[in-house]
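*Asks:* Give me a model of this one.
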Amino acid sequence: MGSIINTKSIEFGGKTLLLRLDAKTIVNVEKRLGKSMLSLFITNGGMNFPTLGELLLVLQAANTTSGVKEADMYELYDNYLESGKSFMDLFEFVSDLLSDAGFLPKEKTKEAGLTDGESQDNNQALTDLEVEQEGELV
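*Replies:* Presented below is the predicted three-dimensional model:
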């Protein structure tokens, strides 16, 4: 028997959203985006940053909290930013959501054999990529 898809929560613009990426939700998001969920983060073998619209679409589609419409997501995002959060915070959250759904590898830890040096190298590579692509985020 398959495992139950985990539900993840986020405080987003004053609302608590309960999110679940099951197969039906994933297929619906991919149809709306016109591409696979994986291509939100990986393109031509390299890392890609999704647009804000793509991140908000994933959040809204995965949301199981009633009463939150797609049109509400823009104001909720503005409130999210006003609370001190950033685009990168949302990017990391959606990355984790996709990892939980099996699209991205889960972060390796020391228990899995990753050394501190490897972790620092990976973090530096991500930071370098963020700086390199920062102009594309705007």
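
*Asks:* and the residue nearest to the spatial centre of the chain, what does it touch?
*Replies:* The structure's the chain has its C-alpha centroid closest to Val94; by C-alpha atoms, centre = their mean the separation is 1.3 Å. By C-beta atoms under 8 Å, 6 or more residues apart in numbering, the contact list for Val94 reads Leu40, Pro50, Leu55, Val58, Leu59. Glycine gets a C-beta too; all of them are placed from N, C-alpha and C.

*Asks:* ranges for the helices of the protein?
*Replies:* In the chain, the segments counted as helices under DSSP state H are 23-33, 52-62, 72-82, 87-100, 116-137.

*Asks:* Pick out the shakiest of these, pLDDT-wise.
*Replies:* Ranked by mean pLDDT, those end with helix 116-137 at the bottom, a mean of 46.

*Asks:* that older thread, from the contacts of Val94, which is closest to Lys15?
*Replies:* Closest approach between the contacts of Val94 and Lys15, by C-beta to C-beta: Leu59, at 10.7 Å.

*Asks:* I'd assumed Phe12 was in contact with that closest one.
*Replies:* Yes - assessed by C-beta atoms under 8 Å, Leu59 is found in contact with Phe12 at 7.0 Å.

*Asks:* neighbours around Thr25, how many?
*Replies:* If you count neighbours by other C-beta atoms under 10 Å, Thr25 ends up with 19.
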